[in-house]
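Colleague: quick one, what's the 3D model for this:
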Amino acid sequence: MEDLREDLPMDLVAALARARSPEPPGPDTPAGGAVRTWPGPPRPLPSAGPADLDLGALLRLSLAAADDTGRLRPASSAGALHPVDTELVVGAGCSLPPGRFGYDPLRHRVHHLGPQPEGTPPGVTAEFSVTVRRTVSHYGHRAWPLLLLDTGHAAAALFLAARALGTDKPEVRLGGVAESPLAAVRIPPPGGRGPAHPDGGGARVPDLPGGPPTPAELLARRSTPPPMPGAPSQNALQAVLATAERAGAGDLNWCAAVGPPRPALMALSADGTALRRYAAGEARPTLAAWAAGQVWLADAGAVLLAHGCPADADAAHIRRAHLRAGFAVHLAHVTALRHGLAARPVGSWQQADLGAALGAAPDRDWVVHGLALGTRHADEENTT
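Modeller: Model prediction:
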């Protein structure tokens, strides 16, 4: 696995092509520590003043681990391996003093890394990078798409936490232009906005249907274990699709596979007010085979799909599409829970050339990410 070592340049185009192939990953290797080892002593996150952005609450609702292993966190991660690392660039108006800090989600502490860069705006910018080894340890050559999806989920978790705390529209950068940081979220202090990201990659994301989440919603968000039978209502499926489309606009298309009595791929109408049939026929068994052989998907109530990212996409396009897919699926997950659905992200896809399967040109329209959906019954409340 020398081509996946962190000290070598990553050919992301080749890595994605290999991840999409039927080649099975090798045996598991050691994952290393559950969190990144930051230099210097840990510092507690201080209480926030009345005019300050409360970084302790923000991180508790988005990235902090809820158990000693570091696996249980508000942001989804393939295999619960959580490879995403967070650096905080703190300006004025925050509960921490200005500077650059590394965040330890296992202990909910920060490590001071240095002064704030010149020109740092008020508020905080969270910059996301990855420890590749954690995901490679289980998924091998299939790791890189998952690393990018996980980063998108982490960015979405922080965005939703900021909205839950009343912050006015945090700015999200998922442009795919940089290898590190892969993504960033800027959150202004109460009452402030400040300048956009200088590279132009920042965007403001629409709220969830029904408005911002509550802190309780975010802490309760967990991936439901399979099986997940039971077809969502048309209203619920439309809301989930609409959330994903708004949050993942750009390089991705969205549809959902549904089963009997009229099995099909469904998409939103052009005006977003109704569902339309995208393609007829039962797709869930094929999706189960494509999703690393997860046979339970064949009986899921529905499967939301992000698709696009052609085989000739360059590295920036690949990063952007996967980051946006992870971000949008995370928001769609919360919308699904608001409609009483069970939901579970599905990130590993092999030979999932959706366009070719529907009779279009091959290598143009691949499955990038998914969200399995089902109905939740009174005796099926146990989630992980």
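
Colleague: ok, the residue nearest the centre of the chain to residue 316 distance?
Modeller: Residue closest to the mean C-alpha point of the chain, counted by C-alpha atoms, centre = their mean, is residue 153 at 1.9 Å. Counting by C-beta to C-beta, to the nearest Å, the gap from residue 153 to residue 316 is 20 Å. To be clear about C-beta, it is placed using only N, CA and C from the backbone, and glycine gets the same treatment.

Colleague: what's the answer for residue 138, then?
Modeller: 27 Å.

Colleague: between the two, which has more neighbouring residues?
Modeller: residue 138 (18 against 14; other C-beta atoms under 10 Å).

Colleague: wait, the more buried one sits on residue 82?
Modeller: No - using C-beta atoms under 8 Å as the test, residue 138 is too far from residue 82 to be in contact (12.0 Å).

Colleague: now list whatever residues contact both of these two.
Modeller: Counting by C-beta atoms under 8 Å, 6 or more residues apart in numbering, residue 138 and residue 82 have no shared contacts at all.

Colleague: so what does the residue nearest to residue 316 when sequence neighbours are not counted have for phi and psi?
Modeller: Excluding the flanking residues, the one nearest residue 316 by C-beta to C-beta, 6 or more residues apart in numbering is residue 176, at 4.5 Å. Backbone geometry at residue 176, expressed as degrees, to the nearest 10, gives phi 70, psi 10.

Colleague: residue 312 versus residue 176, what's the distance?
Modeller: From residue 176 to residue 312 the distance is 15 Å (C-beta to C-beta).

Colleague: list the contacts of residue 31.
Modeller: By C-beta under 8 Å, 6+ apart, residue 31 lies in contact with 81, 133-134, 137-138.

Colleague: now, the residues you listed that are in helices?
Modeller: Among the contacts of residue 31, the members found in helices (DSSP state H) are 133-134, 137-138.

Colleague: isn't the residue nearest to residue 316 up against residue 309?
Modeller: No - using C-beta under 8 Å, residue 176 is not in contact with residue 309, being 10.8 Å away.

Colleague: anything in contact with each of those two?
Modeller: Contact criterion C-beta under 8 Å, 6+ apart; residues shared by residue 176 and residue 309: 317-318, 321.

Colleague: what sits against residue 153?
Modeller: Counting by C-beta under 8 Å, 6+ apart, residue 153 has contacts 75-77, 84, 326-327, 329-330, 345.

Colleague: again, only this time at 6 Å
Modeller: Contacts for residue 153 (C-beta atoms under 6 Å, 6 or more residues apart in numbering) come out as 75-76, 326, 330.

Colleague: most neighbours among the residues you listed, which one?
Modeller: residue 326 (33 neighbours).

Colleague: any figure for the gap between that residue and residue 365?
Modeller: 19 Å.

Colleague: circling back to that earlier point, which SSE is immediately downstream of the helix or strand harbouring the residue nearest to the centre of the chain?
Modeller: Here residue 153, judged by DSSP states H and E, is contained in helix 143-164. The first helix or strand that comes after helix 143-164 along the chain, using DSSP H and E, is strand 171-173.

Colleague: just checking: what are the partner strands of the next helix or strand after that following strand?
Modeller: Sequence order places strand 183-187 as the next helix or strand after strand 171-173, per DSSP H and E. Sheet pairing of strand 183-187 (DSSP bridges) gives strand 124-130 (antiparallel), strand 171-173 (antiparallel).

Colleague: what does the pLDDT read for residue 44?
Modeller: pLDDT for residue 44: 97.

Colleague: the closest residue to it other than its chain neighbours bridge partners, please.
Modeller: With sequence-adjacent residues excluded and distances taken as C-beta to C-beta, 6+ apart, residue 44 is closest to residue 109, at 6.2 Å. Under the criterion DSSP bridges, residue 109 forms beta bridges with residue 44, residue 104.

Colleague: burial of residue 109, as a residue count?
Modeller: For residue 109, using other C-beta under 10 Å, the count is 17.

Colleague: so it is in contact with residue 42, correct?
Modeller: Yes - in terms of C-beta atoms under 6 Å, residue 109 counts as a neighbour of residue 42; the distance is 3.7 Å.

Colleague: tell me, what's touching these two both at once?
Modeller: Joint contacts of residue 109 and residue 42 (C-beta under 6 Å, 6+ apart) do not exist.

Colleague: tell me how many other residues crowd residue 362.
Modeller: By other C-beta under 10 Å, neighbour count at residue 362 equals 12.

Colleague: ok, and the most crowded of the contacts of residue 31?
Modeller: residue 134 (28 neighbours).

Colleague: now do the contacts for that residue.
Modeller: Residue 134 neighbours (C-beta under 6 Å, 6+ apart): 31, 81, 83.

Colleague: from residue 240, how far out is the residue nearest to it when sequence neighbours are not counted?
Modeller: Among residues not flanking residue 134 along the chain, residue 83 sits closest, at 4.1 Å (C-beta to C-beta, 6+ apart). For residue 83, the distance to residue 240 equals 26 Å [C-beta to C-beta].

Colleague: more neighbours: which of the two?
Modeller: The neighbour comparison of residue 83 against residue 240 (other C-beta under 10 Å) goes to residue 240, with 29 against 25.

Colleague: now the strands paired with strand 183-187 as a markdown table including mean neighbour count?
Modeller: Shown next, in a markdown table, are the strands paired with strand 183-187 (neighbours: other C-beta atoms under 10 Å):
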| stretch | mean neighbour count |
| --- | --- |
| strand 124-130 | 24 |
| strand 171-173 | 25 |
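
Colleague: for residue 99, find the nearest of the ones you listed.
Modeller: strand 124-130 (10.6 Å; C-beta to C-beta).

Colleague: shaky segments in this structure?
Modeller: Along the chain, segments meeting pLDDT under 70 span 1-9, 68-71, 192-204, 376-384.

Colleague: alright, calling it a day.
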